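[1] any chance you can model this:
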Amino acid sequence: MDQTQYKCPNCGDVIKFAPASGEFKCDACDSVFPKATIEAMFGQDGTGNAQTAPIGQDAQPPAAGQGTGYSWQGEELEIMDGVVSYACKSCGAEVVADVNTAATKCPYCDNPIVLNANVRGVYQPQQILPFKLDKKAAINALVKHYKSCKYVPPVFNPEKRLDEVKGIYVPFWLFDSGVYADVSYEGTKVRTWSDRNYNYTETSYYNIRRQGNLYFRNIPTDASAKMEDEYMDALEPFHFQELQPFNSAYMSGFLADKFDVEVNEAFPRAQERIKNTTQDEFRKTVQGYSSVRPISSAINPANSSYRYVMLPVWILTTKYENKIYKFAVNGQTGEVAGELPLDKKKVMLHRILYTAIPAVVMSAAYWLWQAFS
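    Numbering: from 1, shown residues only. The predicted structure follows:
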């Protein structure tokens, strides 16, 4: 399979993208290369050529099972049971990867490899958001996260128990969409007053209507079936103003997959987010009422378009009491998502204290009332 390995022109070792500096570095001879030099040496991989694509009845989005576009260079390629076997250009060893793998590394010589067929044609992302956090920073983000949780077992220390830490460029669809909304509510205003004989309550009912247009940019939906949607949603926000034109050199030293969730499969999730946010924004404009109840809503996205991008995510796994815990860290901001183990004794003590303290306070208050009454 056609593959790219970024080699240092000074010593022949591997060039990797360094998140901390935003440049490309050779660990063997410490040579550092800016992005412009990498593009001059290895090309831009067609950066800047892809455009946003509209979504509509006549749109033809790329399909996850089409357009693999394998390029042969003499080595044997075998596809079986969803995996691909190919030869590493550096050491000649056989490397086995998932058919969706876009970037990986040779398990024998550790050289990073970009599989060109999975980042070209319909699989070429328009943009990429480079890693800002390196491996150490990702681990520190996880440690800070678990230390902020008061119910974690005291012996749980993922920094010392990490089984795997890997940086992955996750495929995402970014959706832009306009929306027209027409929403109706029932509102009430309650007035109370009293005279010598009675207390009065007057409830007035109002029909409220809101109409208007909103426009949404960069609604992210992950395009990898391997990634849990809840984890990827929890990592937001990404700062999309830092997106760069796609260049596969950013993948050197990291893992990556091409999309296997088609854009038409992902778009309903984006639509749901658009509708929920529209309802929330319109509801904020209805103020001054005792209560508000939605009656009807018509929310219609229009002029929608999408882009295919790669976003940086660190995946960390650790084992505790025979259970595997998986965490995801936003490779740009350090936001953490994942389930932490709970110390059952701490949780039980918390419940006892929060149940016992109010009871003691009430008993003391009752005793004082009895004593002084």
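
[2] Lys25 bridge partners, please.
    When assigned by DSSP bridges, Lys25 has beta-bridge partners Lys16, Val32.

[3] am I right that it is in contact with Pro34?
    No: under the criterion of CB atoms under 8 Å, Lys25 makes no contact with Pro34, lying 10.7 Å away. Heads up, the C-betas are built off the backbone N, CA and C, glycines and all.

[4] ok, Lys323 to Pro153 distance?
    In this view, Lys323 and Pro153 are 12 Å apart by CB to CB, to the nearest Å.

[5] which residues sit in contact with the residue nearest to Glu230 when sequence neighbours are not counted?
    Of all residues not flanking Glu230 in the chain, Ala337 sits nearest, at 7.5 Å (CB to CB, 6 or more residues apart in numbering). Applying CB atoms under 8 Å, 6 or more residues apart in numbering, we find Ala337 in contact with Glu230, Tyr231, Met232, Ala234, Leu235, Phe327, Ala328, Val329.

[6] sec struct for Ala337, please.
    Here Ala337 is recorded as strand under DSSP: H, G, I helix; E, B strand; the rest coil.

[7] then Pro107?
    Pro107 ends up coil, using three-state DSSP.

[8] could you count how many residues lie near it?
    Pro107 is flanked by 11 other residues according to other CB atoms under 10 Å.

[9] for it, give me its contacts.
    Applying CB under 8 Å, 6+ apart to Pro107 gives the contacts Ala93, Val95.

[10] again, but for Met251
    With contact set as CB under 8 Å, 6+ apart, Met251 has these partners: Phe17, Ala102, Ala103, Pro112, Val114, Val119, Ile128, Tyr169, Met310.

[11] tell me, how many residues neighbour the nearest residue to Val14 once chain neighbours are set aside?
    With sequence-adjacent residues excluded and distances taken as CB to CB, 6+ apart, Val14 is closest to Asn111, at 5.3 Å. Using other CB under 10 Å, Asn111 has 22 neighbouring residues.

[12] helices or strands up against the helix or strand hosting Ile219?
    For Ile219, the host element (DSSP states H and E) is strand 199-222. Packing contacts for strand 199-222, counted by 3 or more CB pairs under 8 Å, 6 or more residues apart in numbering; DSSP states H and E, involve strand 162-194, helix 229-234, helix 263-283.

[13] and stretch 40-50, average pLDDT?
    Mean pLDDT, stretch 40-50: 59.

[14] with stretch 128-141 instead?
    95.

[15] buried ones in that stretch, by neighbour count?
    Residues of stretch 128-141 classed as buried: Ile128, Leu129, Pro130, Phe131, Lys132, Leu133, Asp134, Ala137, Ala138, Ile139, Ala141 (neighbour count, 16 or more other CB atoms under 10 Å).

[16] run the chain-centre distance for stretch 175-184.
    For stretch 175-184, the separation from the chain centroid amounts to 24 Å (computed by CA atoms, centre = their mean, to the nearest Å).

[17] now stretch 193-209
    Taking mean C-alpha positions (CA atoms, centre = their mean), stretch 193-209 and its chain are 49 Å apart.

[18] which parts of that stretch are buried?
    Residues of stretch 193-209 classed as buried by neighbour count (16+ other CB under 10 Å): Ile208.

[19] average model confidence for it?
    95.

[20] now do stretch 150-159
    69.
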